[in-house]
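Colleague: From the sequence below, what's the structure:
(one chain, ligands or ions: 1)
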Amino acid sequence: MAKTSKKSKAKPTSSYSNEKSPPEADSDSPESMSIIWLVIPLLVAVFYAWYLQQNQNMPAVFSKLFKTEAVEESDLYDLRMLTDRTMFDVVDMEGKGKGLIAVRDIKQGELVIQEKPILTVPDEDIPESLLSPILQNLTAGQTKALLSLSYTRLKAAKDETVNLNPKTQTLHERYLLAEGIIVNNGVGIMHDGQRRLGVFPRMARLNHACASAYNLAYAWRVDEEELRVYALKDIRQGDELLISYIDSRRPREERIQKLQQAYGFACTCPTCSLPTEKSEHSDGLLTQFTPIYTNFARWYKGLITGKEAIKIMNELWQLTVDTGYVRERGRWAQEAAYVATVHGDETSARQWLRLAIKWMAIETGDDSPKSSNLQFTLDNLHDHPELASRERMEVGGPIA
Ligand SMILES: C[S@@+](CC[C@H](N)C(=O)[O-])C[C@H]1O[C@@H](n2cnc3c(N)ncnc32)[C@H](O)[C@@H]1O
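Modeller: Numbers count the residues shown, from 1 in each chain. Model prediction:
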């Protein structure tokens, strides 16, 4: 290459006709050396760019230069494309693999992720006969997205070694790898009235935190068949985006055991990392949720009055303040509104309904069926079929 370019280079014409042309420069001449010094860095740059491309680390703007038609489709699920980087980025987190970090402040109730599953399977044991055909029907991009996700266990036989290289593995090995990934990343959803596990490549990068430490809530939209993830709290730029994989209203030891069992990791979230005394205090509060709610629920059986039920609901609400666990507020306010409605206390019912609408919108979006139903109830309270259907009583509104 160096020689060709040198030969084609225009030489200065001599003004003396009898002057001989200088001999061709050989490869050790200063001219050819300078070209080599240009070519080597160029080759290194091209190789480095190729390497970044292969390892999904290349900034999106440069990656476009290297795209072929085949890569275009798979890039739909490529990590770079999964985030527009205006809200969050995918980064390596110490001890947790990858995770999502807010690249700007995110307001409580903001929609963070909206995503359709790349595959769904029944929420039970996933046999090879069921999964293999599903895997074969995935596009190249979906396969790439699926196989890039994390797993902690593979269903391989005791002495079986599994080739993890997607390019050379057998269909059986592909099944084992995909099964492990689905178990680790699948999200429970409803489809045609059946409980299934869906894989959502963006959502799958969200790490877990317990109790007050997570800042996102997710909701499945049955009609749209897509997952929505909302900010449960205001999130600051640089904070990790976190959801809860389990019901974390239980003592630390139980939470850690459950996460280890189901997802194969020892939780190191801020709630699980509290010093012993603080952790015991936190456990004491978290374990009060269930008995307090059970006490409230006695109203449904007529075992306590509406006034007593609302008093208990206010205790429950106070517990959400004390623990920072706010995940169920929408539903609990809705239940309190129902108590007030049934006892004909319209003023309290409206107060609870407004609170329920606020929290349901934060948790599931203001256009969700749950939010719309609550708004409908508020707008049509007079026509509620159960209005004042039990003894009329001033039950009381929210104290918070
Ligand atoms: C659904 S994936 C989350 C994204 C994952 N970190 C990745 O790199 O793709 C679940 C896995 O993330 C890791 N993980 C999630 N939350 C964690 C936590 N609080 N502490 C330690 N590891 C965690 C565990 O390896 C877990 O099996």
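
Colleague: Quick check: buried residues in whichever strand or helix holds G99?
Modeller: Under the criterion of DSSP states H and E, G99 resides in strand 97-102. For strand 97-102, a neighbour-count test (16 or more other C-beta atoms under 10 Å) marks K98, G99, L100, A102 as buried. Placement of C-beta: from N, CA and C, glycine included.

Colleague: so where do the helices sit in the stretch 301-400 of the chain?
Modeller: Assigned by DSSP state H, counting those that start in this stretch, the stretch 301-400 of the chain shows helices spanning 306-323, 329-342, 346-364, 369-379.

Colleague: what packs against the second one?
Modeller: Using 3 or more C-beta pairs under 8 Å, 6 or more residues apart in numbering; DSSP states H and E as the contact definition, the elements that helix 329-342 packs against are helix 306-323, helix 346-364, helix 369-379.

Colleague: now the helices of the stretch 301-400 of the chain as CSV including distance to the ligand?
Modeller: Listed next are the helices of the stretch 301-400 of the chain as CSV, based on distance: least, C-beta to the nearest ligand atom, whole Å:
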stretch, distance to the ligand
helix 306-323, 18
helix 329-342, 23
helix 346-364, 20
helix 369-379, 25
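
Colleague: Need the winner for burial among the ones you listed.
Modeller: Ranked by mean neighbour count, these are led by helix 329-342 with a mean of 24 (mean count of other C-beta atoms under 10 Å).

Colleague: Next, the contact list for I106, please.
Modeller: The contact partners of I106, taken as C-beta atoms under 8 Å, 6 or more residues apart in numbering, are M87, V112, A231, D234, I235.

Colleague: Show me which of the residues you listed are buried.
Modeller: M87, V112, A231, I235.

Colleague: Ramachandran coordinates for the closest residue to the ligand within the stretch 251-400 of the chain?
Modeller: Nearest residue of the stretch 251-400 of the chain to the ligand (C-beta to the nearest ligand atom) works out as F265 at 3.8 Å. The phi and psi values for F265, taken as degrees, to the nearest 10, are phi -140, psi 150.

Colleague: so what pLDDT did the residue in the chain that the ligand sits nearest to get?
Modeller: Proximity of the chain to the ligand (C-beta to the nearest ligand atom) peaks at G97, 2.6 Å away. Note for G97: predicted pLDDT of 94.

Colleague: give me every residue that touches it.
Modeller: S150, N207.

Colleague: If it is in a bridge, with which residues?
Modeller: Applying DSSP bridges to G97 gives these bridge partners: M93.

Colleague: would CSV of the helices and strands packed on helix 329-342 with mean pLDDT and distance to E254 be doable?
Modeller: Output for the helices and strands packed on helix 329-342, formatted as CSV (pLDDT from 0 to 100; distance: least, C-beta to C-beta, whole Å):
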stretch, mean pLDDT, distance to E254
helix 306-323, 98, 16
helix 346-364, 98, 24
helix 369-379, 98, 29
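
Colleague: So which bits of the stretch 151-300 of the chain are right by the ligand?
Modeller: The stretch 151-300 of the chain comes close to the ligand at residues 152, 184-185, 204-205, 207-209, 263-265, 267-269, as judged by C-beta under 6 Å from any ligand atom.

Colleague: change it to 8 Å
Modeller: Residues of the stretch 151-300 of the chain lying close to the ligand (C-beta under 8 Å from any ligand atom) are 151-152, 184-185, 204-209, 242, 245, 259, 263-269, 272.

Colleague: could you flag which of those are buried?
Modeller: Buried among those (16+ other C-beta under 10 Å): 151, 184-185, 204-209, 242, 245, 259, 263, 265, 267, 269, 272.

Colleague: Among those residues, which ones are in helices?
Modeller: N184, N185, L259, Y263 (DSSP state H).

Colleague: Go ahead and confirm the first one touches L149.
Modeller: Right, N184. Yes - between N184 and L149 there is a contact at 7.3 Å, judged by C-beta atoms under 8 Å.

Colleague: Let me know the distance separating Q260 from R153.
Modeller: 11 Å (C-beta to C-beta, to the nearest Å).

Colleague: Equivalent analysis for D89, please.
Modeller: Using C-beta to C-beta, D89 is found at 28 Å from R153.

Colleague: Looking at the two, which has the bigger crowd around it?
Modeller: The neighbour comparison of D89 against R153 (other C-beta atoms under 10 Å) goes to D89, with 16 against 11.

Colleague: Let me know the secondary structure of that one.
Modeller: Following DSSP: H, G, I helix; E, B strand; the rest coil, D89 is assigned to strand.

Colleague: Specify the local secondary structure of K144.
Modeller: Under three-state DSSP, K144 falls in the helix class.

Colleague: Begin at 33, not 1, for the rest of this chat.
Modeller: Sounds good: first residue 33 from here, last item K176.

Colleague: So it versus N195, what's the distance?
Modeller: According to C-beta to C-beta, K176 and N195 sit 17 Å apart.

Colleague: more neighbours, the two?
Modeller: Between K176 and N195, counted using other C-beta under 10 Å, K176 has the larger neighbour count: 20 against 14.

Colleague: List the contacts of E426.
Modeller: The contact partners of E426, by C-beta under 8 Å, 6+ apart, come to K339, H375, D377, S380.

Colleague: Redo those residues as JSON lines? Include distance to D411.
Modeller: Converted to JSON lines, the contacts of E426 look like this (distance: C-beta to C-beta, whole Å):
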{"residue": "K339", "distance to D411": "26"}
{"residue": "H375", "distance to D411": "20"}
{"residue": "D377", "distance to D411": "18"}
{"residue": "S380", "distance to D411": "17"}
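
Colleague: any idea which of those residues is closest to E156?
Modeller: Checking these against E156 with C-beta to C-beta, the nearest one is H375 at 42.6 Å.

Colleague: burial measure for that closest one, as a count.
Modeller: Using other C-beta under 10 Å, H375 has 26 neighbouring residues.

Colleague: likewise K187?
Modeller: Using other C-beta under 10 Å: K187 sits among 15 other residues.

Colleague: And for H313?
Modeller: 12.

Colleague: What helices and strands are in contact with the helix or strand where it lies?
Modeller: For H313, the host element (DSSP H and E) is helix 308-318. The helices and strands touching helix 308-318, judged by 3+ C-beta pairs under 8 Å, 6+ apart, are helix 284-295, helix 338-355.

Colleague: Please consider this matter closed, and thank you.
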